[in-house]
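Q: could you look at this predicted model? Sequence included:
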Amino acid sequence: MSGKIKSLTLIFFSCFLLYGCSESSSTKIKENKTDPAVRDVFAMDTFMSLKAYGSDAEKAVDDAEKRIYELENELSATLEESDIWKLDNSDGKAVDVCDDTITLIKKAMEIGDKTGGALDITVYPVLREWGFTTGEYKIPEQGRIDELLANVDYRNITVKDNSVALPENAQIDLGALAKGYTGDEIMKIMESHGVTSAIVSLGGNVQSLGSKTDGSPWKVAVRDPFLEDKDMCVVDIINKAVITSGNYERFFYGEDGKKYWHIIDPSDGYPADNGIVSVTVIGDNGLECDALSTAFFVLGYDKTVEYLRSNPQYDVIMVTDDKKIYYTSGIGDSFQNISDMPAEVISVD
Ligand code: ADP
Ligand code: MG
């Protein structure tokens, strides 16, 4: 899973904290229906904040928190006895896994197909060789990368009903898409409790249910990839996921002085360096937006625009390594540039 507090911050975050403080320092029963239920959770190596409005909102965030831990226990590559850990230690034997794992593996394979293999969950051993799973970073020997790349190909995964088999020397991790799915699942729980207004931040992923209680859109800030702890733009969203992959999440500087980051190009086993330093995908489905944010980072600008031509249901905000912002016209009206970088609308048609 991804690390650190990440790319997107919520404009509402300061009031979020205020609510959090007033609640924890007060024992009085809330009578004001407009007070949200708030919850901070640390899971999947990520700080998560949940906020929901409604008479049953406390129960909704309780259940959402339980579901987050359940998903972490199923999907983590490092927790022993998770489905992914079992698969990664299966020596090529088929493993029975739960429905969530099947959903994610199938979606990863589908997006892998749609992006020409830019998303490939079997890249995990290469990611580990670079030290991105432990923090013991190093630039691997070319021979070692070649050796590991020989086993990278998600098309060799076999899925039959709830049984999955990996080739003997293959391993996977779902870090590219697990948090998007978790956000979707949280929103399902919110809805089942009658919540109609909610927002969650799972690291850099922000997902919203409905609008703010006054009917106005949520304002979500996207981080400036060139500046520590600074935002570059704000977008208005209602009922959408806003999911970012950036080169500032987990990285190190090699002895050669170059920066290396945690999104790997499966075509050469090196950190993807195709001109993009940050890409945000905005859409209805968190799982797809998360998978695509990682894939677009690998694909680069031109191939991402090409993808959007045949899949116009997503909006994106891309930042290129020459310090330019590009965004699609679907968010045009609400996009607010608060950085020093020039911002240009992408022409998708
Ligand atoms: P974050 O996890 O920081 O939110 P992403 O959603 O972009 O960022 O996912 C990055 C994670 O995806 C990496 O930490 C790694 O686990 C995994 N990963 C890296 N490169 C690829 C790739 N090409 N295909 C699939 N998964 C990848
Ligand atoms: Mg992703």
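A: Thanks, I have the structure now. Ligands and ions are numbered 1, 2, ... in the order given.
Q: can we go C-alpha only for contacts and neighbour counts from here?
A: OK.
Q: so where's the protein uncertain?
A: 1-33 (pLDDT under 70).
Q: distance-wise, check the residue minimising distance to the centre of it relative to residue 113.
A: The centroid of the chain falls nearest to residue 290 when counting by C-alpha atoms, centre = their mean (4.4 Å). The gap separating residue 290 from residue 113 is 16 Å, by C-alpha to C-alpha, to the nearest Å.
Q: and what of residue 83?
A: Counting by C-alpha to C-alpha - residue 83 and residue 113 are separated by 23 Å.
Q: and the protein, which of its residues are near ligand 2?
A: 176, 177, 290, 291, 293, 294 (C-alpha under 5 Å from the ion).
Q: and for the fourth one, nearest residue in space, chain neighbours not counted?
A: Yep, that's residue 291 we're talking about. residue 177 (4.8 Å; C-alpha to C-alpha, 6 or more residues apart in numbering).
Q: let me see the contact set for the one you found.
A: 104, 108, 287, 288, 290, 291 (C-alpha atoms under 8 Å, 6 or more residues apart in numbering).
Q: buried stuff in whichever strand or helix holds the residue nearest to the centre of the chain?
A: Assigned by DSSP states H and E, residue 290 belongs to helix 286-299. Buried residues in helix 286-299, counted by 16 or more other C-alpha atoms under 10 Å: 286-299.
Q: and ligand 1, which of those reach it?
A: Taking C-alpha under 6 Å from any ligand atom as the test, ligand 1 is in contact with 290, 293, 294 out of these.
Q: out of those, flag the one nearest to residue 251.
A: residue 294 (15.2 Å; C-alpha to C-alpha).
Q: distance of that closest one relative to residue 238?
A: Distance from residue 294 to residue 238, by C-alpha to C-alpha: 23 Å.
Q: what's the answer for residue 67, then?
A: 23 Å.
Q: which of those two has more neighbours?
A: Using other C-alpha atoms under 10 Å, the more surrounded residue of residue 67 and residue 238 is residue 238, with 19 against 16.
Q: now do the helices in this structure.
A: With DSSP state H as the criterion, the chain has helices at 13-24, 57-75, 83-88, 99-114, 124-129, 142-149, 178-192, 286-299, 301-310.
Q: deepest in the core, which of those helices is it.
A: Across those, averaging neighbours per residue (mean count of other C-alpha atoms under 10 Å) puts helix 286-299 on top, at a mean of 28.
Q: helices and strands around that one, which ones?
A: helix 99-114, helix 178-192, strand 241-246, strand 276-283 (3 or more C-alpha pairs under 8 Å, 6 or more residues apart in numbering; DSSP states H and E).
Q: now render those as TSV, adding distance to ligand 1.
A: As requested, the helices and strands packed on helix 286-299 are exported to TSV (distance: least, C-alpha to the nearest ligand atom, whole Å):
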stretch	distance to ligand 1
helix 99-114	8
helix 178-192	7
strand 241-246	4
strand 276-283	9
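Q: I'd like to know how far the residue nearest to residue 291 sits from residue 333.
A: From residue 177 over to residue 333 (counting by C-alpha to C-alpha), the distance is 28 Å.
Q: what of residue 76?
A: Following C-alpha to C-alpha, the distance that separates residue 76 from residue 333 is 38 Å.
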